[in-house]
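Chemist: here's my sequence, what's the structure:
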Amino acid sequence: MSRNSLVPVVVAALTTICFIPALPGSFLNWDDNVNFLDNLAYRGLGREQIHWAFTSVLFGHYIPLTRLSWSLNYVTGGLDPWGYHLLNLLLHATNTTLFYVVARRVLAAASADGSQDGRGAPELGAAAAVAALVFGAHPLRVEPVAWISARPDLLCATFVLVATWAYLRAVEEPGTARRGPLLVSVAALAVALLSKGVALPFVAGLLLLDIYPLRRLARLGWGALLREKMPHLLVTIVGAGIIVQAVRQGAVLTGAADYGAVARLTVAAYSFVATLVRFVWPAALSPLYEMPLRVSPLEPRFGLAIGVTVLVTALLIVLRRRWPAGLAAWTFSMLMLAPTSAAVRRGVDLAPDRYTYLAGMGFALLVGGAVLAGTRLVRRGALSRRAARAATVTGVAAIVGLGATSWSLSEIWRESETLWGWAVELDPTCSTCHGKLGESVLGASNARAVEAEGLFRRAIALRPDLPEAHFNLGTALVLQGRYAEAEAPLRDYMARVPQAASGPERLGLVYLLESRYEAAIPLLRNALIRQPDTPGLRGYLVQALQGRARELETQGRGADANALLAESRALGGDDATAPARRLEPARVRRP
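Modeler: Okay, here's the model as predicted:
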């Protein structure tokens with residue numbers, strides 16, 4: 001094996017080490033329960049599972065290839081989370097290797113007036129390796145690697161990087177792009193979009209590459225470049241149509257009534273600045289940065305973000321001739337954040353870390369470019385070797401620090417209770433974090449219902465508009481046998497989420513436990529109509545019907561009792577004596 005081919009292997013190995021603590025992690029109560037533990041549809045690789053993968057729009061995502069990768073995990077390892085974590089880690093290691101290959105070509109083009117001919121220079125390998133390590137070992141990568149449900153970002157990035165590599169191969173010679181590699185790039189883009197829709201801005205990213213560092217715009221003009229990108233654009237348009245339809249069916253769009261145009265632009269600016277700040281100083285990274293009830297540019301953090309966005313953009317435009325790489329990296333970051341910005345979709349997340357997976361690649365390339373510039377200054381004698389050694393030691397220490405932080409954060413991501421305890425410690429005002437910690441406590445033991453109750457009450461005090469804490473408070477009270485007290489928070493939940501089946505299901509169960517069969521029946525019927533596959537729900541309704549039938553018989557209303565018994569038999573009355581399932585808390589679903 002040659003030295004050049006050994007470098008990406010070493011980079012991938014070093015990156016992998018940083019995330020080893022995530023391997024023994026469990027499924028988390030942050031979408032993993034919905035995607036895996038409660039989901040029967042993905043279990044297998046037969047016709048039904050493939051059909052589900054290509055038709056499901058759960059959470060508003062159209063990610064058929066990602067869902068098929070989950071099916072592959074199930075076929076090979078069942079519900080053992082170790083295999084799921086391993087595949088996430090292997091995907092990230094692959095992406096780091098691909099990023100090294102792409103970085104080498106991009107840095108070569110940037111340092112040779114658009115030509116990629118310089119990619120064999122020794123210092124390019126070192127610069128690309130540093131860029132790949134900064135990208136791969138960075139703590140911002142922990143969320144997509146350690147969280148199984150974040151695999152769409154990893155798998156999409158794999159094919160985005162393949163598409164980029166193929167495009168760079170297609171345009172490495174002067175003139176128009178070569179057809180073969182260009183078609184490979186188009187095919188890889190299509191696969192990326194089937195993994196996750198964050199690849200939608202890829203065409204704009206290619207045009208950005210053409211401007212800098214490839215400098216093809218000056219040679220070929222806009223017309224030729226746009227014609228060349230037509231296959232990419234057609235794939236993007238088709239993908240966008242499918243993704244928009246999926247979002248409409250399975251997710252909640254940000255409406256003007258929720259956040260106006262100014263607020264949405266404010267949130268977008270915040271996400272741009274947050275990505276840059278966390279890249280430079282990745283401290284206090286949380287699984288959730290909660291979206292506030294109201295967004296105002298007059299609030300200090302948002303006003304500052306707008307000012308920084310305008311200032312950085314203006315400054316980089318002024319410096320574009322002296323430092324075009326800075327403007328290119330900043331623009332690329334904003335482009336790749338656009339589809340996932342909270343300015344477009346609403347959820348409980350404000351600028352989550354996983355959205356930086358593609359957006360942060362440009363900043364990692366800037367670090368590689370700085371290394372390349374430094375080595376060439378040393379070679380020309382413009383920088384002393386002593387200064388170079390000091391810079392090298394500082395750089396190595398920084399990368400080791402990034403890796404050590406990723407290792408520690410990966411340990412936190414292993415278990416739900418540890419994760420949400422960390423989130424609450426970072427932000428004691430996060431309502432959803434308190435609620436998720438309460439879910440984790442209940443999931444660990446029903447005997448800790450009193451502790452969970454306190455967390456849910458704190459969550460409601462912080463944000464009474466978020467409905468799940470009301471549901472979970474009702475559940476915690478039921479587990480303590482405080483049925484009468486449980487009714488109020490459950491009705492609050494039903495008022496806030498009237499379309500959900502979980503509210504009437506849980507309140508109906510409370511009435512069933514109190515032997516209030518007449519009150520329980522309409523609620524359980526309602527829940528069964530809305531979500532007939534809810535575990536245990538059919539049995540609850542059967543128990544309520546039979547209990548009410550016994551009451552009617554004692555009242556001498558035999559005809560009414562027989563009607564309920566007939567309904568019970570139609571639902572599978574033999575299951576009436578089955579024990580009620582363990583109460584589960586509500587789940588906050590990520591968009």
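Chemist: every contact and neighbour count from this point should use C-alpha atoms.
Modeler: OK.
Chemist: residues contacting stretch 413-420, please?
Modeler: Residues outside stretch 413-420 that contact it (C-alpha atoms under 8 Å, 6 or more residues apart in numbering): 21-22, 24-29, 143, 146-147, 287, 412, 433-434, 436-437, 440-441.
Chemist: report the separation between the residue positioned nearest the centre of the chain and Val312.
Modeler: The centre of the chain sits closest to Ala150, judged by C-alpha atoms, centre = their mean, with a distance of 4.5 Å. In this view, Ala150 and Val312 are 30 Å apart by C-alpha to C-alpha, to the nearest Å.
Chemist: quick one: buried residues of the longest helix belonging to the chain?
Modeler: Longest helix of the chain, by residue count under DSSP state H: helix 81-111. For helix 81-111, a neighbour-count test (16 or more other C-alpha atoms under 10 Å) marks 81-89, 91-111 as buried.
Chemist: what residues sit buried inside the helix or strand hosting Ala314?
Modeler: Using DSSP states H and E, the element containing Ala314 is helix 300-318. Judged by neighbour count using 16+ other C-alpha under 10 Å, the buried positions of helix 300-318 are 302-306, 308-309, 313, 316.
Chemist: repeat for stretch 46-64
Modeler: Result for stretch 46-64 [16+ other C-alpha under 10 Å]: buried residues 49-50, 53, 56-64.
Chemist: out of these, flag the one nearest to Val450.
Modeler: Closest approach to Val450 among the buried residues of stretch 46-64 (C-alpha to C-alpha): Phe59, at 31.3 Å.
Chemist: from Leu194, how far out is the closest one?
Modeler: From Phe59 across to Leu194, the span is 15 Å (C-alpha to C-alpha).
Chemist: what does Val142 give?
Modeler: Taking C-alpha to C-alpha as the criterion, Val142 is separated from Leu194 by 23 Å.
Chemist: do Gly83 as well
Modeler: From Gly83 over to Leu194 the distance is 22 Å, taken as C-alpha to C-alpha.
Chemist: show me where the stretch 101-250 of the chain dips below the pLDDT cut-off.
Modeler: Counting by pLDDT under 70, the ranges of the stretch 101-250 of the chain that qualify are 113-120, 250.
Chemist: now do the helices in it.
Modeler: Here the stretch 101-250 of the chain has its helices, by DSSP state H, counting those that start in this stretch, at 122-137, 142-146, 151-170, 179-195, 202-211, 217-228, 230-250.
Chemist: could those be laid out in a markdown table, adding mean neighbour count?
Modeler: Shown next, in a markdown table, are those (neighbours: other C-alpha atoms under 10 Å):
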| stretch | mean neighbour count |
| --- | --- |
| helix 122-137 | 26 |
| helix 142-146 | 27 |
| helix 151-170 | 24 |
| helix 179-195 | 22 |
| helix 202-211 | 19 |
| helix 217-228 | 13 |
| helix 230-250 | 17 |
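Chemist: let me have these in CSV, extended by distance to Ala449.
Modeler: What follows is the helices of the stretch 101-250 of the chain, written out as CSV (distance: least, C-alpha to C-alpha, whole Å):
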stretch, distance to Ala449
helix 122-137, 39
helix 142-146, 28
helix 151-170, 32
helix 179-195, 39
helix 202-211, 48
helix 217-228, 61
helix 230-250, 32
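Chemist: so which of the ones you listed comes closest to Trp422?
Modeler: Closest approach to Trp422 among the helices of the stretch 101-250 of the chain (C-alpha to C-alpha): helix 142-146, 13.6 Å.
Chemist: residue contacts, the nearest residue to Ala501 once chain neighbours are set aside?
Modeler: What sits nearest to Ala501 in space, not counting adjacent residues and going by C-alpha to C-alpha, 6 or more residues apart in numbering, is Ala527, at 4.5 Å. Shown in contact with Ala527 (C-alpha under 8 Å, 6+ apart): 501-505, 537.
Chemist: nearest to Ser271, of these?
Modeler: Nearest to Ser271, judged by C-alpha to C-alpha, of the contacts of Ala527 is Ser502 at 33.2 Å.
Chemist: any idea how far Leu442 is from the closest one?
Modeler: From Ser502 to Leu442 the distance is 17 Å (C-alpha to C-alpha).
Chemist: now do Ala387
Modeler: For Ala387, the distance to Leu442 - C-alpha to C-alpha - is 56 Å.
Chemist: ok, those two, which is more surrounded?
Modeler: The neighbour comparison of Ala387 against Leu442 (other C-alpha atoms under 10 Å) goes to Leu442, with 25 against 12.
Chemist: now the buried residues of helix 300-318 as a markdown table including distance to Ile399 and pLDDT?
Modeler: Shown next, in a markdown table, are the buried residues of helix 300-318 (distance: C-alpha to C-alpha, whole Å; pLDDT from 0 to 100):
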| residue | distance to Ile399 | pLDDT |
| --- | --- | --- |
| Phe302 | 30 | 94 |
| Gly303 | 32 | 95 |
| Leu304 | 29 | 96 |
| Ala305 | 27 | 96 |
| Ile306 | 30 | 96 |
| Val308 | 27 | 97 |
| Thr309 | 27 | 96 |
| Thr313 | 28 | 97 |
| Leu316 | 26 | 97 |
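Chemist: show me which pair in these is furthest apart.
Modeler: Largest separation among the buried residues of helix 300-318 by C-alpha to C-alpha: Phe302 and Leu316, giving 21.0 Å.
Chemist: torsion angles phi and psi at Gly556?
Modeler: Main-chain dihedrals, Gly556, degrees, to the nearest 10: phi 80, psi 20.
Chemist: residues in contact with stretch 489-507?
Modeler: When contacts are defined by C-alpha under 8 Å, 6+ apart, stretch 489-507 is touched by residues 465, 467-468, 470-471, 473-475, 487, 520, 523-524, 526-528, 530-531, 537, 586.
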